[in-house]
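*Asks:* Sequence first, predicted model second:
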Amino acid sequence: MKRIYAIESWCIDCKRCEVACRTAHSKSKDPVKAYKVEHVPGARIHVEGDQHVSIAVNCRQCPKPACVDACISGAMQRDPETGIITSDPERCVGCRTCVSECPFGCIHVESVALKCDLCGDGHGEPGEPACVAACPNRALIYVESEGCHHGE
Amino acid sequence: MANEHADYLILGNSAAAISAVESIRAADTTGSIVMVSPEPYCVYGRPLISYLLEGKTDEAHLDYRPESFYQDNDVTTHFGQGCAAAALDPRSHKVTLEDATVLSYGKLLVATGSVPFVPPIDGIKGADNVFTFLTLDDAKSAGAAATAATTTAHAEGRKSRVIVIGGGLIGLKAAEALHAIADEVVVLEMAPRILPAVLDDRGAGMLVDQLAARGIDARPGITTDHLAVEDGHIVSAHLTDDSNLTCDMVVAAVGVRPNSALLADASATVERGVVCDDRMQTSLADIYAAGDVTQTIDSLDGAKRPLALWPNAVAQGKVAGSQMASDHHDDRFEGSFAVNAVDFFDISLLTSGVINPGPDDGYEVHVYAQGATYAKFVTKDDRLYGYILLNRPAAAGIYTAVIKDAMPVSSFDESFFKEEPDNLAFSAQDRWNRLHRFYPTELNAQGVKECASL
């Protein structure tokens, strides 16, 4: 499967990825409306650090995801075809079991669990996830991963 | 009753059982699978029952797997009343259900979970307003009773009151759920603190205050020794501080024990739970067990005890399923340690591993508290062994990973514990290795394809 990788040496802590993520997960797909009107919950990618050293971190789409195994509601699922892990907001109760299990701190809860869903390539739509498309420096790349096959 | 044969017979229909079916089917698409459970429902997220009563979810969204799961996996089900296993004959490989159905098996998985322990309190036996809080039916009954009692109380011009006996995870979740229905909820906990197994004194003290501010009256160090009954109905409790507390209903949540009687009667080795090897096989041939019914060896302190947690059941079920489907499977249960996540209203509590070390065990304790947040870390020999995070949940799984992977605590700055942890706290090499699994070999660390010649 294709995965998002962060390239630390090109990251300048501009947080355009965070803006693009929240916008992509809004109804309007407009950043101002997403932030000011819809109050879309926080980004599913997070830039750690400062302008000297920084890195954007989001879900690693683990082949054996601890968050999925731990989920008490069945909301957190890994698609056996695409390998993409998503949480169904209709079923999630916000218990944070996934937060206690994610080794990378990539799930946060605002009423329900929020995580990267590899948007853009999710539901049969071709294209790069919004954060990757928005990165001005190729500090986020979306490439075919190696050594990890479907169903692993 | 007719005899039926299953290549794989599974007693239970919750986390461990479902996970086992999925891993059996990954290895064997044709062997017959029969599942047995006294509960008449499609598998549901058992811990969701409190959220159901609070209205945070509804019955349509309780399903842990879609209703088509059984058909999709070619599973025959015996669900509902009469479908509890009553007897097991390991020699003839037969299980008899309460309704006298006889099922023969090739391999058997016992994933019967735990059963509530009802304390022998004077007056509790036979009363019509005592409830347990473990199953969907328990929750529905308790919810309906609380609603009826509250309606009656209001008609009489008074407030309704629920007494929950037991201030563990189940008792407090029941209290939160019934608080959405009844006017007053009082939780009695015999131990000197609430959540005795997953919190320490200071954290529990803070949580008692936070619960009180949200309408739950939790009273550690107090229990009831006598329940006054009128016409089969508990009307008040005499407490161990010699006070009396009137009530409309009682929830008994003092604890659970593994539902292991079937295996014990069949002479399987049962200690605090069913004893299994790392293939999840019991002491009996062709019989496996997984989930709350088993006893696990804590990978942090070596203690042998049931670890009645959802993720543990999923992990054990997975191993049991692979082993049942193939004798040569290399999937092993690698041991486990406690990771608890629980929320009460807007309060979050995450705890893991060793949280109450003895004074002579050589552990160090590091505490960071501010306002409503409380963080405690337990370390020893440059390793993290446990944490408590009250109202500071962000990125907690990073700590869980540090425990699991036995990473040296000295490689992190104090801010890693004092504030929410991040990935930058790891060395550049560790960070790359953690975040770049399956990275394409043709790209360098700058994300560029290097050319041999220009």
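*Replies:* That came through, no problem. Residues are numbered from 1 along each chain as shown, chains lettered A, B, ... in the order given.
*Asks:* For the residue in chain A that chain B sits nearest to, what are phi and psi?
*Replies:* Residue nearest to chain B within chain A: residue A:105 (2.8 Å; Cβ to the nearest Cβ). All C-beta spots, glycine's among them, are computed from the backbone N, C-alpha and C. Main-chain dihedrals, residue A:105, degrees, to the nearest 10: phi 60, psi 30.
*Asks:* Show the model's pLDDT score for it.
*Replies:* At residue A:105, the pLDDT value in this model is 97.
*Asks:* so how many other residues sit close to the closest residue to it other than its chain neighbours?
*Replies:* Of all residues not flanking residue A:105 in the chain, residue B:395 sits nearest, at 2.8 Å (Cβ to Cβ, 6 or more residues apart in numbering or on different chains). By other Cβ atoms under 10 Å in any protein chain shown, 25 other residues sit near residue B:395.
*Asks:* and the gap between residue B:395 and residue A:103?
*Replies:* 10 Å (Cβ to Cβ, to the nearest Å).
*Asks:* swap in residue B:369?
*Replies:* Taken as Cβ to Cβ, the span from residue B:369 to residue A:103 is 26 Å.
*Asks:* what does residue B:183 give?
*Replies:* 43 Å.
*Asks:* so where's chain A uncertain?
*Replies:* A:121-126, A:149-152 (pLDDT under 70).
*Asks:* Residue ranges of each domain in it, please.
*Replies:* A:1-58+A:118-152, A:62-115 (automatic domain parsing).
*Asks:* For the ones you listed, give me JSON lines that also has mean neighbour count.
*Replies:* Converted to JSON lines, the domains of chain A look like this (neighbours: other Cβ atoms under 10 Å in any protein chain shown):
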{"stretch": "domain A:1-58+A:118-152", "mean neighbour count": "17"}
{"stretch": "domain A:62-115", "mean neighbour count": "21"}
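*Asks:* who's in contact with the residue in the stretch 251-400 of chain B that chain A sits nearest to?
*Replies:* Closest approach between the stretch 251-400 of chain B and chain A, counting by Cβ to the nearest Cβ: residue B:395, at 2.8 Å. Contacts for residue B:395 were tallied using Cβ atoms under 8 Å, 6 or more residues apart in numbering or on different chains; they are A:99, A:102, A:105, B:420-422.
*Asks:* likewise residue B:244?
*Replies:* Applying Cβ under 8 Å, 6+ apart, the residues near residue B:244 are B:228, B:236-238.
*Asks:* Over to it: give its phi and psi.
*Replies:* Dihedral angles for residue B:244 - degrees, to the nearest 10 - are phi -120, psi 140.
*Asks:* So for chain A, the centremost residue is which one?
*Replies:* residue A:116 (1.7 Å; Cα atoms, centre = their mean).
*Asks:* For that one, give me its contacts.
*Replies:* Counted by Cβ under 8 Å, 6+ apart, residue A:116 has contacts A:4, A:21, A:44-45, A:58-59, A:61, A:106, A:129.
*Asks:* which ones are touching residue B:269?
*Replies:* B:275, B:282-283.
*Asks:* for residue B:365, same thing?
*Replies:* Neighbours of residue B:365 in contact, by Cβ under 8 Å, 6+ apart: B:357, B:376-379.
*Asks:* mind running it again at 6 Å?
*Replies:* residue B:378 (Cβ atoms under 6 Å, 6 or more residues apart in numbering or on different chains).
*Asks:* hang on, the earlier thing: make CSV out of the contacts of residue B:269 and add distance to chain A, pLDDT and secondary structure.
*Replies:* Formatted as CSV, the contacts of residue B:269 follow (distance: Cβ to the nearest Cβ, whole Å; pLDDT from 0 to 100; DSSP: H, G, I helix; E, B strand; the rest coil):
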residue, distance to chain A, pLDDT, secondary structure
B:275, 23, 97, strand
B:282, 23, 97, coil
B:283, 27, 97, coil
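*Asks:* now the residues you listed as CSV including neighbour count?
*Replies:* As requested, the contacts of residue B:269 are exported to CSV (neighbours: other Cβ under 10 Å):
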residue, neighbour count
B:275, 20
B:282, 25
B:283, 16
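*Asks:* any low-confidence regions in chain B?
*Replies:* For chain B (pLDDT under 70), the answer is B:1-2, B:452-454.
*Asks:* Residue B:304 contacts residue B:295, doesn't it?
*Replies:* Yes: counting by Cβ atoms under 6 Å, residue B:304 does reach residue B:295; the two are 5.4 Å apart.
*Asks:* So for the two, which sits in the more crowded spot?
*Replies:* residue B:295 (20 against 12).
*Asks:* mind checking how far the residue nearest to the more buried one when sequence neighbours are not counted is from residue B:364?
*Replies:* Spatial nearest neighbour of residue B:295, excluding adjacent residues (Cβ to Cβ, 6+ apart): residue B:273 at 3.2 Å. In this structure, residue B:273 and residue B:364 are 31 Å apart, going by Cβ to Cβ.
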